[in-house]
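Undergrad: My questions concern the predicted model and sequence given below.
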Amino acid sequence: MPANAEQLDWVRRVFGVDGATTGGDASYDKARAAWLASRRKVAGDVEKLKTAIVGSYADRGLGPKLEAAYQQEVAWVLQQLDDRVSVALDGLISADGTQHANLLAESKEAIGDYTTFLSTDKTVQALDDNPFVKLSIKSTLSTTLSALSKTLA
């Protein structure tokens, strides 16, 4: 039988362990899996677009030049969506007390950084609006980040 609110509060006060949010929380595991899946999808989409662009101009001898330009102009987008949140969520699965609070704060900060990046940088929207391959990078990431925020609230 799961602990009730009074019991959870007592354990937190007496033992310093937040039983409501620690110890292998499946929601953190699911959130981490969702973020990693979204990152993989976006990386695959970006690669698909690069292949389409380079392929479209290969017969003109511009393939290598476009690939280099693409790496310079687009590769950094994936670096902005780093592994901070997945590492913190992984730690949250088994963390307790102060460690839990710190990892939760790190997760929320990373999600905030990613959300700000999506709302202020024009590159992701330009990638979505390309005339080569239909993409929905911004929507995919925004949906996932919103769900992560709700999980961590």
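TA: Ah, there it is. Numbering: from 1, shown residues only.
Undergrad: Buried residues in the longest helix seen in the chain, which are they?
TA: For the chain, the helix reaching the highest residue count under DSSP state H is reported as helix 26-57. In terms of neighbour count (16 or more other Cβ atoms under 10 Å), helix 26-57 has its buried residues at 28, 31-32, 34-36, 38-39, 41-42, 45-46, 49-50, 53-54. Heads up, the C-betas are built off the backbone N, CA and C, glycines and all.
Undergrad: Send me the one helix or strand residue 75 maps to as PDB with only the CA atoms.
TA: Here residue 75, judged by DSSP states H and E, is contained in helix 63-80. Coordinates of each C-alpha in helix 63-80 appear next as PDB, following Å, rounded to 0.1, in the frame of the first residue of the first chain:
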ATOM      1  CA  GLY A  63      28.400  18.600 -52.600                       C
ATOM      2  CA  PRO A  64      31.500  18.900 -50.600                       C
ATOM      3  CA  LYS A  65      31.200  22.700 -50.300                       C
ATOM      4  CA  LEU A  66      27.600  22.400 -49.200                       C
ATOM      5  CA  GLU A  67      28.400  19.700 -46.700                       C
ATOM      6  CA  ALA A  68      31.100  21.900 -45.100                       C
ATOM      7  CA  ALA A  69      28.800  24.900 -45.000                       C
ATOM      8  CA  TYR A  70      26.000  22.700 -43.500                       C
ATOM      9  CA  GLN A  71      28.300  21.500 -40.800                       C
ATOM     10  CA  GLN A  72      29.300  25.100 -39.900                       C
ATOM     11  CA  GLU A  73      25.800  26.500 -40.000                       C
ATOM     12  CA  VAL A  74      23.700  23.600 -38.600                       C
ATOM     13  CA  ALA A  75      25.700  21.100 -36.700                       C
ATOM     14  CA  TRP A  76      25.900  23.400 -33.700                       C
ATOM     15  CA  VAL A  77      22.100  23.200 -33.300                       C
ATOM     16  CA  LEU A  78      22.400  19.600 -32.000                       C
ATOM     17  CA  GLN A  79      25.200  20.700 -29.600                       C
ATOM     18  CA  GLN A  80      22.700  23.200 -28.100                       C
END
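Undergrad: Can you pull out the residues in contact with the helix or strand just after it?
TA: For helix 63-80, the following helix or strand on the C-terminal side (DSSP H and E) is helix 84-92. Defining contact as Cβ atoms under 8 Å, 6 or more residues apart in numbering, one finds that helix 84-92 is touched by 21, 25, 28-29, 31-32, 35-36, 39, 99-100, 103-104, 106-107, 109-111, 113-114, 148.
Undergrad: Many thanks, I have nothing further to ask.
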